[in-house]
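*Asks:* Got a sequence here, can you model it:
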Amino acid sequence: MAQNLAATGVGNPITGVLLAFRALDTLLEAIVLVIALIGVWSLAPDRFWGGRPGPRHTPDPDGILAYLARLLPPIGIVVGLYLFWAGADHPGGKFQSATILAAMWMLVQMAGLGDAPRIDSRWVRTGIVVGPLVFVAVGLLGAWQAGAFLGYPDGWAKPMIVAIEVSLLPTLVLVLALLLNGAPARSADSSPAPGETSIAARNMRPMPTRSTGR
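*Replies:* Numbers count the residues shown, from 1 in each chain. Below you'll find the model as predicted:
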């Protein structure tokens, strides 16, 4: 087994096993996540299809959540990208990196500093399918060059594994965050729900005057 792992050129044995010896399982895991997201979206009422998932969070510029949403994402993005880059040779990888990046994105949304994307957005749908499509393309290339689906030609194992990892990262980030957002519950223009007002709108209301009785 050690000799076979060395042939992949990947130093992290977990990454090597998942993308070399259990690559089909990893591909199916990614496809199952995409199918799960489609299932969640299918719960949306027809009038909200193509809209934005989850509730619209009202921002509080002076709140602790807004402070954390400004402070933590830059750190989380650096940590997430490091885990992704180091995953080929050290503990880490796409799933750990995607979890951290999705959490930072969710924090920004919960603080009201950003909104969930429309599910009919072209870049959202492209990001969701790019990982599985590249994975399948690599598998077909292996069937052509190495004689087996998801087989790696000699000397090409690590570049092909890295290509799979890079393409799966945006897919996993989008799917994890959008699964937590839930089904579309707002129209595409993301107008406030009835009775909902923003902090800024409330602050602009005139203060009531007290009657002196005269």
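
*Asks:* Need the residue closest to the centroid of the chain.
*Replies:* When C-alpha atoms, centre = their mean is applied to the chain, the residue found nearest the centroid is Val173 (1.6 Å).

*Asks:* Looks like that one contacts Gln96 (just checking).
*Replies:* No. Contact criterion C-beta atoms under 8 Å: Val173 and Gln96 do not qualify, at 11.7 Å. The way it works is simple: take the backbone N, C-alpha and C, and place the C-beta from them, glycine included.

*Asks:* Against Gly76, how distant is the residue nearest to the centre of the chain?
*Replies:* From Val173 across to Gly76, the span is 12 Å (C-beta to C-beta, to the nearest Å).

*Asks:* Common neighbours of these two, please.
*Replies:* Taking C-beta atoms under 8 Å, 6 or more residues apart in numbering as the criterion, Val173 and Gly76 both touch Leu101.

*Asks:* Would you map the strands across the protein?
*Replies:* Ranges of strands within the chain are 52-53, 184-186, based on DSSP state E.

*Asks:* The last one packs against which elements?
*Replies:* So that's strand 184-186. Counting contacts by 3 or more C-beta pairs under 8 Å, 6 or more residues apart in numbering; DSSP states H and E, strand 184-186 packs against strand 52-53.

*Asks:* tell me what the strand it packs on is packed against?
*Replies:* If contacts are counted by 3+ C-beta pairs under 8 Å, 6+ apart, strand 52-53 sits against strand 184-186.

*Asks:* Poorly predicted segments of the protein, please.
*Replies:* 1-21, 88-92, 189-214 (pLDDT under 70).

*Asks:* Could I get the full set of helices for it?
*Replies:* For the chain, helices defined by DSSP state H occupy the ranges 2-8, 13-16, 23-41, 64-86, 94-110, 122-145, 157-181, 199-203.

*Asks:* Good, wrapping up.
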